[in-house]
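what would the 3D arrangement of this be:
(2 chains)
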Amino acid sequence: ELKVEQNPLFLSMQEGKNYTIYCNYSTTSDRLYWYRQDPGKSLESLFVLLSNGAVKQEGRLMASLDTKARLSTLHITAAVHDLSATYFCASPGDFGNEKLTFGTGTRLTIIP
Amino acid sequence: KAGVTQTPRYLIKTRGQQVTLSCSPISGHRSVSWYQQTPGQGLQFLFEYFSETQRNKGNFPGRFSGRQFSNSRSEMNVSTLELGDSALYLCASSLLLGLMDNEQFFGPGTRLTVL
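Sure thing, here's the model as predicted:
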């Protein structure tokens, strides 16, 4: 059974600080997705990582993928309050299997 | 381009009733997946449909069923509702099954409360 593990589950950090969320997965898939969810809202796609060594950046968020280690990271630089949300990583099955298995989520709270 | 739409957005039912949720994918998207989100179990996969065929099914009891129509719209049905079925039900659509860049786009969800 595919497992996707995220840590930490909860993260409270001050504005201006840097931090990293880790996502370990057990499939051999070369793809990994990151989503953001605000309270009471749906999932917003942040990053699609398609191959080993992929790195994508959007504003203060940067995601990377190491398929050999089966590890993805979401790095937050100089956090601002607007980044407070829950972040999920998700791994599809092997190629052709689009079922997403989600991590437990990391609830990020940025303190002014 | 309109996003994924789900109806209804909120639903309150009582135990034993049944419910039907609807999802309209992004225009041109042929793959539709359903997920259940609860505080205890997180996000769990329910079904995946492509061209009116169920391609994948998650570990849910037979009370949960779904279908996809020729226009790619999808419905899911839950019969004999239980308290534990209270959840946010999310629908996601993607362009084509099996593409490397098969990003799934999520709808706003239907929040089901079972009393």
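
low-confidence stretches in chain B?
B:1, B:97-101 (pLDDT under 70).

secondary structure class for the residue positioned nearest the centre of it?
What sits nearest the mean C-alpha location of chain B, by C-alpha atoms, centre = their mean, is residue B:34, with 3.0 Å. What DSSP: H, G, I helix; E, B strand; the rest coil gives for residue B:34 is strand.

ok, it touching residue B:74?
Yes. Between residue B:34 and residue B:74 there is a contact under C-beta atoms under 8 Å: 7.3 Å. No exception for glycine: its C-beta is placed from N, CA and C like everyone else's.

any common contacting residues for those two?
Shared contacts of residue B:34 and residue B:74 (C-beta atoms under 8 Å, 6 or more residues apart in numbering or on different chains): B:23, B:66, B:91.

most neighbours among those residues, please name it.
residue B:91 (30 neighbours; other C-beta atoms under 10 Å in any protein chain shown).

just to be sure, that one is in a helix?
No. Looking at residue B:91 with three-state DSSP, it is strand, so not inside a helix.

which strand residues bridge it?
residue B:34 (DSSP bridges).

might you report the residue contacts of it?
B:4, B:6, B:21, B:23, B:25, B:32-35, B:74, B:106-107, B:109.

ok, residue B:60 next?
B:36, B:44, B:46.

tell me the buried residues in stretch A:70-90?
The neighbour-count check on stretch A:70-90 (16 or more other C-beta atoms under 10 Å in any protein chain shown) flags A:70, A:72-74, A:76-77, A:79, A:83-90 as buried.

list the contacts for residue A:89?
A:4, A:6, A:21, A:23, A:25, A:32-35, A:72, A:74, A:102-103.

from these, which ones fall inside strands?
A:4, A:6, A:21, A:23, A:25, A:32, A:33, A:34, A:35, A:72, A:74, A:102 (DSSP state E).

just those now: which is nearest chain B?
residue A:102 (4.0 Å; C-beta to the nearest C-beta).

just give the nearest non-adjacent residue to the closest one, would you?
residue B:43 (4.0 Å; C-beta to C-beta, 6 or more residues apart in numbering or on different chains).

can you list the low-confidence ranges for chain A?
A:94-96.

interface residues of it facing chain B?
Residues of chain A that fall close to chain B, judged by C-beta under 8 Å from any C-beta of the partner chain: A:30-31, A:33, A:35, A:41-45, A:48, A:50, A:88, A:90, A:92, A:95-102, A:104-105.

give me every residue in chain B lying close to chain A.
B:31, B:33, B:35, B:42-45, B:48, B:55-56, B:58, B:90, B:92, B:94, B:97-98, B:100-109.

how about residue B:46: what's its closest non-neighbour residue?
Nearest to residue B:46 is residue B:34, by C-beta to C-beta, 6+ apart, at 4.0 Å.

okay, strands next: where are they in chain A?
Using DSSP E, strands in chain A cover A:4-7, A:10-14, A:19-25, A:32-37, A:43-49, A:55-58, A:61-66, A:71-76, A:85-92, A:100-102, A:106-111.

and residue B:115, which of those strands is closest to it?
Judged by C-beta to C-beta, the one of the strands of chain A that comes nearest to residue B:115 is strand A:32-37, at 25.3 Å.

which of the residues in that closest one are buried?
By neighbour count on 16+ other C-beta under 10 Å, the buried set for strand A:32-37 is A:32, A:33, A:34, A:35, A:36, A:37.

please apply the same query to stretch B:105-113.
Buried, per 16+ other C-beta under 10 Å, within stretch B:105-113: B:105, B:106, B:107, B:108, B:109, B:110, B:111, B:112.

OK, contacts around residue 8?
I went with chain A, as the question did not name one. Going by C-beta under 8 Å, 6+ apart, the list of residues near residue A:8 reads A:21, A:106.

right idea, wrong chain: chain B
Applying C-beta under 8 Å, 6+ apart, the residues near residue B:8 are B:21, B:110.
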